[in-house]
Structures are given as C-alpha cells and as structure tokens.
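Asker: kindly return the folded structure for what I paste below:
(one chain, ligands or ions: 1)
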Amino acid sequence: MMCPTPSPLLQRLPPVRGRLSAGADLSKLTWFRVGGPAEVLFKPADKDDLAEFLRRKPADVPVTIMGVASNLLVRDGGIDGVTIKLGAGFAGITAAGTEVHCGAADLDMNVATAAQKAGIAGLEFLSGIPGTIGGALRMNAGAYGTETKDVLVWAEAIDPQGTLHRLTPDDLGYAYRHSNLPADWVFVGACLRGTPGEPEEIARRMAEIKQQRGETQPIHSRTGGSTFKNPAGRKAWQLIDGAGCRGLRRGGAMVSEQHCNFLINEGGASAADLEGLAETVRQTVLAKSGIDLEWEIKRIGRPDRVAIAGMSSKNGSNNAGTNGGNTDEGGTHD
Ligand SMILES: Cc1cc2nc3c(=O)[nH]c(=O)nc-3n(C[C@H](O)[C@H](O)[C@H](O)COP(=O)(O)OP(=O)(O)OC[C@H]3O[C@@H](n4cnc5c(N)ncnc54)[C@H](O)[C@@H]3O)c2cc1C
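Answerer: Numbering: from 1, shown residues only. Okay, the predicted model is just below:
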C-alpha cells in the first residue's frame, strides 16, 4: 500500500486549533466547480487561532483568502502556500436598533434575513448576492444601486502580524467592486447599518429581488457571477452581446445565454476553458467596440498542473470529486 506523500509545507506551519489539510480539492468549494488543490487549506477555529497562525507562520509562505468562492476562478494548477477559509468560528449575527453585527463567514443572505426580521431596511440588496460578508467587504459587493460601503459602519480585519484592526469605509478606499485592503489581511467581522423599516415591506422587496434574479441570471448553474466589471456608463453584457459572444463555447465552458456577462461550467469545463473563453470574449469586445473589459472575477492560482512541491501530481481531471491524487493529510496539525 502506498503511503501519502508528506507535505513539506505542513511540517513548517505552526500548531493550530483549527484544521490544516494538505492538497485539499478546491474544485469542491468553488461555485464554478473547477480549480486545482490548495497546497495547504487552513480552517481556523476562531479569531485568536487565525491571529496566532498569521503571527507565527514563516514569512515566505503566501496566504490566499477564500469565502464561498462565488467570485473566484481557481486555476487548474491549484494554489501555492496556505489558503484560508473561515468557518463557524467566524459566524454569528446580532441585530439591534438599526445595526447588524456579523462575522466574515456569515452568508450575505443570512445577514439580509436577520436585518429583515429586526425591521432594519437597506440591507436587502445582500439577499441576492451568494457570497459571505468577507467577500462582500473585499469586493464592495453591490446590487440595485447599493454597495457594501454604503451600509458599512466598520469592518474588522487581521493583518499578517496577527493584529486586529477596526476599519472605516474611508480606511478601505472603496470603489466599484474594489477595496484597498492588502491581499494578505483577513476580514473577520463587520457592523452594518440600515434604517428603520417594516419587516413585511422588507420581505416583499427581498422576494422581488429573488424573482428578478431567477429571471435574469443563471443562479442554478456553475457560475462565478459577473465576469467583467461594467465600464463607466456602459453595461458589460451589452458589449458582449453586441460583439456576438452570447452562447460562445470553449470546452465545457459557455457564455450564458440568459446573462451573457456570466460564464457557465456546463459540466466538464476546466478553469483554463473558462479563463480562455473569457479572454476570447474580452478580445472580441475590444476589436468590436474599442473597450477593454476589466475582469471582476478574481483569478487565482497556477495555470498549469505541475505538482506543487511534495504533493502527488495526478490525473489532471479537475472536476468535483475527481482530484483523488492529492493527499488530504487531514486532522488537526498540532
Ligand atoms: C449567481 C451569482 C450572482 C452574483 N451577483 C452579484 C451581485 O449582484 N453583486 C455583486 O457584487 N457580486 C455578485 N456576485 C459575485 C459574488 O457573489 C460577490 O463578489 C461576493 O461578495 C463574493 O463573496 P465570496 O464569499 O464568494 O468571496 P470569494 O469569491 O471567495 O472571494 C472574492 C474575493 O474576496 C476575498 N475574500 C473573501 N473573503 C475574505 C475575507 N474574509 N477577508 C479578506 N478577503 C476575503 C477573496 O480573497 C477574493 O479576492 C454573484 C455571484 C454569483 C455566482
């Protein structure tokens, strides 16, 4: 019987109370259902565990932060270093007055629902965004004319030295789908503020959002949301449609017929198929309209399938559940 390949990186990391796994299959965690393995996936137990880990990990080890990966394209070669995914220790919603306190791992939908029940209006836009609060804070997620920055009182983030900071929207340099938080800082929680509202009226608006989303977006498909940002004064989908790219295919990837700024994994797509198709769209739009679309989806990881040091390379298939060659050493590393 073959022994699992030991992970040299795992041996270099400090002990944690959460979970460190080598070679975790990220395709199971991404909305697109594509992506290679994480060299090491870290699920911290709580803020103290995360802060201690960041403080003590070797400085040369890169970190990548992941929410529920509804805006991420993880490339087929996987992610070097440590990928951090926050779980239950970073969730918990309380609503009082017109404010909602929540953790970075809380789903936007759950925060919107808690606000609705407490009679706090103005957060219903979050109900249509399928990510976490951490992802919303990073991306300045928004819909229907409201962005995260508009309802944010403060956010808390931990820096690479393990220090907790409380930050205002001004500190975060927000712009359209952009914040200035350094890539290796981790949001851990936030306080959002709405206005007094009637729970029934808020629920009605959330139902409208749900219906509208279902009619206009492929919300039940393997997708990553809007592929490109809207250029100033224009809609990306109109430019893509005008360039004749609606329904375009590459491998198992397709430009959605329903909303052509969305890409879909029809089942067998690789991350390279999706990224290559989007680049074709970008070039076609540029040639047709002179407008160079900017990616909204974050692309991370290595494009190739070369083995990450110390891990078994393997079959090359990157669909959910087929990444059997990577060793999950599992267990708490302590
Ligand atoms: C069907 C569909 C519809 C969508 N509709 C919208 C929409 O209307 N409006 C909109 O704005 N977006 C939309 N999106 C995109 C996506 O849902 C948002 O960008 C969301 O905020 C991403 O959250 P996430 O938890 O999935 O983050 P991820 O996709 O996992 O990560 C996105 C970015 O945030 C960073 N990040 C995540 N968590 C943290 C953290 N705790 N600390 C620091 N950085 C972190 C990641 O490093 C990455 O850079 C849609 C996506 C889909 C699939």
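Asker: and the nearest residue to Asn230 once chain neighbours are set aside, backbone torsions?
Answerer: With sequence-adjacent residues excluded and distances taken as Cβ to Cβ, 6 or more residues apart in numbering, Asn230 is closest to Ala236, at 5.1 Å. Glycine gets a C-beta too; all of them are placed from N, C-alpha and C. Dihedral angles of Ala236 (phi, psi; degrees, to the nearest 10) stand at phi -60, psi -40.
Asker: same question, the one 4 residues further on
Answerer: For Ile240, the backbone dihedrals (degrees, to the nearest 10) come out as phi -70, psi -40.
Asker: spit out the contact partners of it.
Answerer: Taking Cβ atoms under 8 Å, 6 or more residues apart in numbering, we find Ile240 in contact with Phe228, Arg246, Val255, Cys260, Asn261, Val281, Val285, Leu293.
Asker: and with 7 Å instead?
Answerer: Applying Cβ atoms under 7 Å, 6 or more residues apart in numbering to Ile240 gives the contacts Arg246, Val255, Cys260, Asn261, Val281, Val285.
Asker: and Gly197, how far is that from Thr98?
Answerer: Counting by Cβ to Cβ, to the nearest Å, the separation of Gly197 from Thr98 is 9 Å.
Asker: and stretch 200-209, how far out from the chain's middle?
Answerer: Using Cα atoms, centre = their mean, to the nearest Å, the mean C-alpha position of stretch 200-209 is found 26 Å from that of the whole chain.
Asker: and it, which residues are buried?
Answerer: Ile202, Ala203, Arg205, Met206, Ile209 (16 or more other Cβ atoms under 10 Å).
Asker: just the CA atoms of that stretch, as CSV, please.
Answerer: The C-alpha trace of stretch 200-209 is given here as CSV (Å, rounded to 0.1, in the frame of the first residue of the first chain):
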residue,chain,number,x,y,z
GLU,A,200,-43.2,42.8,5.8
GLU,A,201,-42.2,45.5,3.4
ILE,A,202,-38.5,44.5,3.6
ALA,A,203,-39.6,40.8,3.0
ARG,A,204,-41.6,42.0,-0.1
ARG,A,205,-38.5,43.7,-1.6
MET,A,206,-36.4,40.6,-0.9
ALA,A,207,-39.0,38.4,-2.7
GLU,A,208,-38.8,40.8,-5.7
ILE,A,209,-35.1,40.5,-5.8
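Asker: got a list of contacts for it?
Answerer: Stretch 200-209 has contacts (Cβ under 7 Å, 6+ apart) with Ala112, Gln116, Ala121, Glu124, Ser127, Gly128, Tyr144.
Asker: list the contacts for the nearest residue to the last one once chain neighbours are set aside?
Answerer: Taking Cβ to Cβ, 6+ apart, and ignoring the residues beside it in sequence, Tyr144 has Phe125 as its nearest neighbour in space, at 5.1 Å. Under the criterion of Cβ under 7 Å, 6+ apart, the contact list for Phe125 reads Gly142, Ala143, Tyr144, Thr146.
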